[in-house]
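1. Predicted coordinates and the sequence they were generated for:
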Amino acid sequence: MNQPESVSKRFSITVPDEVYADLEKWADGEGRPTANLAGFLVEVAVKRKYKDKYPDVEQGK
């Protein structure tokens, strides 16, 4: 049986104005969209939380 293809998921989050402004400034400094940086940060946080499932995260991979 074939495994289903992995598909990225989308969802909305709400953050305080000041946090959004700092996130936007950070993203602009890296030349990337704010949503892209937010998605990356959420991914890193989840992988750190479940490091047994994602062992490469602690090694910076």
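-> That came in fine, so what should we check first? Residues are numbered from 1 along each chain as shown.

2. the helices in this protein, which residues?
-> For the chain, the helices identified by DSSP state H occupy 17-30, 34-49, in order along the chain.

3. could you check the angle helix 34-49 makes with the first one?
-> Inter-element angle recorded for helix 17-30 and helix 34-49: 100 degrees (by axes from the mean of the first three to the mean of the last three Cα atoms, to 10 degrees).

4. what stretches of this structure score poorly on pLDDT?
-> The model of the chain has pLDDT under 70 over residues 1-4, 57-61.

5. residue closest to the middle of it?
-> Nearest residue to the geometric centre of the chain (Cα atoms, centre = their mean): Phe40, 2.3 Å.

6. Same list (the helices of the chain) but as JSON lines, adding distance to Ser8.
-> (Each C-beta comes from the backbone N, C-alpha and C, glycine too.) Listed next are the helices of the chain as JSON lines, based on distance: least, Cβ to Cβ, whole Å:
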{"stretch": "helix 17-30", "distance to Ser8": "18"}
{"stretch": "helix 34-49", "distance to Ser8": "8"}
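
7. what's the closest of those to Val7?
-> Judged by Cβ to Cβ, the one of the helices of the chain that comes nearest to Val7 is helix 34-49, at 14.1 Å.

8. Please identify the buried residues of the closest one?
-> In terms of neighbour count (16 or more other Cβ atoms under 10 Å), helix 34-49 has its buried residues at Leu37, Ala38, Gly39.

9. With distance to Asp52 as new columns, can the residues you listed be given to me in a markdown table?
-> Conversion of these to a markdown table gives the following (distance: Cβ to Cβ, whole Å):
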| residue | distance to Asp52 |
| --- | --- |
| Leu37 | 26 |
| Ala38 | 25 |
| Gly39 | 22 |
